[in-house]
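>>> can you look at this prediction? I've put the sequence above it.
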Amino acid sequence: MSTADMSSAELATYNFAYLDEQTKRMIRRAILKAIAIPGYQVPFASREMPMPYGWGTGGVQVTAAILGPQDVLKVIDQGADDTTNAVSIRAFFQKVANVAVTTKTREATIIQTRHRIPEEKLTEGQTLVYQVPIPEPLRFLEPRETETRKMHALEEYGLMHVKLYEDIARNGHIATTYAYPVKVEGRYVMDPSPTPKFDNPKMHMSEALQLFGAGREKRIYAVPPYTEVVSLDFEDHPFEIQSFDKPCALCGAENVYLDEVVLDDKGGRMFVCSDTDHCEDRCAHGHRGHLAYNKEAAE
Amino acid sequence: MTLDTLAFSGGFQEPVFQAQAVFRTLMDCMARPGTIGAIAATVTPPKPLTPAAGAIALTLCDHDTTVWLTPALAASALPGWLAFNAGAVLADERQNARFAFIEKGAMLPNFCLFAQGTQEYPDLSTTLVVEIEAFEGGRPLVLKGPGIRTQEEIAPVGLPDMFPQFWAENRQKFPRGVDLILVAGDKIICLPRTTVISVKEA
């Protein structure tokens, strides 16, 4: 059904992309201000969505507000295109916006993500929409919103450094592995959403626009393309990303983020790419890991 | 046509899709300052406001936003057009405006006269939509900042000589400050408050 068919359809349907136009305008205004103040959390009037809070209502609202009939949408959940959250959100937008969908990173114009950045480098013209549970990086250090607002206003981020220091004092290294705080353009400390810190360097000077939506907490924030995103650290304890001993068991990829998969109850396990599209793409191009299915051997 | 009937015509023909297209152009341009975007939507606001600025108004303004208009725009049929097509109300003071529209040739007030937002809520600032003559042939300005890989160059015609100084003062207050949408014909350039503008040395 084309867009023209949709608008003239006889049966009553949802408005394009589910949200009403006034809601879209409100979210769009918030997005423009968020882009103008990188890393700053813009309050917005988050709506009830046909899914519970915590299932990506913030990301869904941002996607719905920017989505057009020409877009190609990709949705990932922990890097995978085929897990529950990704499948249901993709189906939601197919139903309410009749939009083209893909699992291929490079074909997508909008990528909605839960807690991963694709391994493939994003390019200009792509928009990455993050689902964010707790947008305030200082929330577990200071529960009062009035206080965290003031701390951002005064650029008072000492508490965050104390937290990272206490990590070192207790564990000998910075033990924060996900939702690792970053400073955007030398001003706002921002929660990159619970992505593994492995993905933090990808945010720095990214060619793609990055939008963050937190539905329950009613906040939208953004990182424009070519913007400095620096992970907080200390001179003697510089920021480091996770490294893995072995390559992906299926495609043999190195320098990618791996998931642990338990194989049996005798301690057997394998490590595979968390980015399923990246893994499948490599397999299709003949890359093989040590546990890859070998068709010739099977025959 | 009388002033009254002007107010009731000339909105989006397809509000959902045209507003989305205009917004995406605005979003892309705001994320990449200096990039020239095209507004294809055909709306016809009362003169002297141009169609592109009118399309931006209908995309972003509604009953939640107060709009400030220059004396010439306020005297035209535009307030009625905005009220009918967007439900937007006029701001009594520049400092209370979420959006401000300035037609081609009108005096550009100093940015500090508009809402700056607060240190806690810098998003509560005015977005100015300023119509100018053209984006080429004027004094070359060099843009740097977020959204720009190395640097961008624009040469707008129709901005006051004081513009770089106004903008530097606006930039100084970060994170407070106004954001700018320049309109020339059906083309736009967005300048968020983060952009650093310098006059290109000859």
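Now that the structure is in, tell me what you want to look at.
>>> partner strands of the helix or strand encompassing A:Q112 and their direction?
Secondary structure assignment for A:Q112, by DSSP states H and E: strand A:110-114. Note on strand A:110-114: by DSSP bridges, its sheet partners are strand A:72-77 (parallel), strand A:127-131 (parallel).
>>> could I get it in CSV with only the CA atoms?
Provided in CSV are the C-alpha atoms of strand A:110-114 (Å, rounded to 0.1, in the frame of the first residue of the first chain):
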residue,chain,number,x,y,z
ILE,A,110,17.3,5.1,10.5
ILE,A,111,18.6,2.6,12.9
GLN,A,112,16.8,2.2,16.2
THR,A,113,19.1,0.5,18.7
ARG,A,114,18.9,-1.0,22.2
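>>> show me the helices in the chain, by range?
Because you didn't say which chain, this covers chain A. Applying DSSP state H to chain A gives helices spanning A:3-8, A:21-36, A:57-66, A:84-97, A:145-153, A:158-171, A:200-203, A:276-284, A:295-298.
>>> chain B was what I was after
Going by DSSP H, chain B shows helices at B:3-6, B:15-31, B:51-60, B:71-75, B:78-85, B:163-172.
>>> just the strands in chain B please.
B:37-38, B:66-69, B:89-90, B:99-102, B:127-131, B:141-144, B:152-154, B:179-184, B:187-191, B:196-199 (DSSP state E).
>>> can I get these in JSON lines including distance to chain A and mean neighbour count?
For every residue, glycine as well, the C-beta is placed using N, CA and C. Shown next, in JSON lines, are these (distance: least, C-beta to the nearest C-beta, whole Å; neighbours: other C-beta atoms under 10 Å in any protein chain shown):
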{"stretch": "strand B:37-38", "distance to chain A": "13", "mean neighbour count": "16"}
{"stretch": "strand B:66-69", "distance to chain A": "12", "mean neighbour count": "23"}
{"stretch": "strand B:89-90", "distance to chain A": "15", "mean neighbour count": "16"}
{"stretch": "strand B:99-102", "distance to chain A": "9", "mean neighbour count": "24"}
{"stretch": "strand B:127-131", "distance to chain A": "7", "mean neighbour count": "23"}
{"stretch": "strand B:141-144", "distance to chain A": "10", "mean neighbour count": "18"}
{"stretch": "strand B:152-154", "distance to chain A": "11", "mean neighbour count": "17"}
{"stretch": "strand B:179-184", "distance to chain A": "5", "mean neighbour count": "24"}
{"stretch": "strand B:187-191", "distance to chain A": "8", "mean neighbour count": "24"}
{"stretch": "strand B:196-199", "distance to chain A": "11", "mean neighbour count": "16"}
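>>> how about low-confidence regions in the chain?
Went with chain A since none was named. Applying pLDDT under 70 to chain A picks out residues A:1-12, A:294-299.
>>> I was after chain B.
B:1-4, B:202.
>>> and residue 110, how many neighbours?
No chain in the question, so chain A it is. Look at A:I110: counted by other C-beta atoms under 10 Å in any protein chain shown, it has 23 neighbours.
>>> hmm, I had chain B in mind actually
Neighbours around B:N110, by other C-beta under 10 Å: 13.
>>> which residues does it contact?
B:M162, B:F166, B:E169 (C-beta atoms under 8 Å, 6 or more residues apart in numbering or on different chains).
>>> now the residue nearest to the first one when sequence neighbours are not counted: how far from chain A?
Closest residue to B:M162 apart from its sequence neighbours, by C-beta to C-beta, 6 or more residues apart in numbering or on different chains: B:N110 at 8.0 Å. With distances taken as C-beta to the nearest C-beta, to the nearest Å, B:N110 is found 19 Å from chain A.
>>> my read: A:V75 touches A:T84, true?
No. The criterion here is C-beta atoms under 8 Å, and A:V75 misses it with A:T84 at 11.1 Å.
>>> neighbour count: these two, which is higher?
A:V75 (31 against 10).
>>> show me the contacts for that one.
A:D81, A:N85, A:A86, A:V87, A:I89, A:R90, A:F93, A:V101, A:I111, A:Q112, A:T113.
>>> could I have the buried ones of the residues you listed as PyMOL selection syntax?
Those of the contacts of A:V75 that count as buried under 16 or more other C-beta atoms under 10 Å in any protein chain shown are selected in PyMOL with:
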select buried, chain A and resi 81+85+86+89+90+93+101+111+112+113
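>>> out of the helices of chain B, deepest packed?
helix B:51-60 (a mean of 25; mean count of other C-beta atoms under 10 Å in any protein chain shown).
>>> just the residues contacting that one, thanks.
So helix B:51-60 is contacted by A:25, A:28-29, A:32, B:10-12, B:15, B:18-19, B:22-23, B:26, B:39, B:41-45, B:49, B:67, B:81-82, B:85-86, B:88, B:99, B:101, B:103, B:127, B:129, B:131, B:181, B:183, B:185-188 (C-beta under 8 Å, 6+ apart).
>>> could you do stretch A:105-112 as well?
Contacts for stretch A:105-112 (C-beta under 8 Å, 6+ apart): A:56, A:59-60, A:63, A:66-67, A:70-76, A:89, A:102, A:118-120, A:122-123, A:125-129, A:131, A:275, A:277-278.
>>> filter those down to the buried ones, PyMOL style.
Typed into PyMOL, the next command selects the buried ones out of these (criterion: 16+ other C-beta under 10 Å):
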select buried, chain A and resi 56+59+60+63+66+67+71+73+74+75+76+89+102+118+119+122+126+127+128+129+131+275+277+278
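>>> contacting residues for the spatially most central residue of chain B?
Nearest to the mean C-alpha position of chain B, counting by C-alpha atoms, centre = their mean, stands B:V129 at 1.5 Å. Neighbouring residues of B:V129 by C-beta under 8 Å, 6+ apart: B:A53, B:I56, B:A57, B:F99, B:A100, B:F101, B:I102, B:I181, B:V183.
>>> how close does the nearest residue to B:L113 once chain neighbours are set aside get to B:L108?
Closest residue to B:L113 in three dimensions, ignoring its sequence neighbours and counting by C-beta to C-beta, 6+ apart: B:R94, at 5.0 Å. Distance of B:R94 to B:L108, computed by C-beta to C-beta, to the nearest Å: 12 Å.
>>> what's the answer for A:S88, then?
Taking C-beta to C-beta, one finds A:S88 at 49 Å from B:L108.
>>> okay, these two: which has more neighbours?
Between A:S88 and B:L108, counted using other C-beta under 10 Å, B:L108 has the larger neighbour count: 17 against 14.
>>> wait, that one sits on B:V130?
Yes. B:L108 is in contact with B:V130 according to C-beta under 8 Å; the separation is 6.2 Å.
>>> what is in contact with these two at once?
B:I102, B:L159.
>>> so who does the nearest residue to A:F44 once chain neighbours are set aside touch?
Spatial nearest neighbour of A:F44, excluding adjacent residues (C-beta to C-beta, 6+ apart): A:A30 at 4.2 Å. Residues near A:A30 by C-beta under 8 Å, 6+ apart: A:V42, A:P43, A:F44, A:I220, B:D123.
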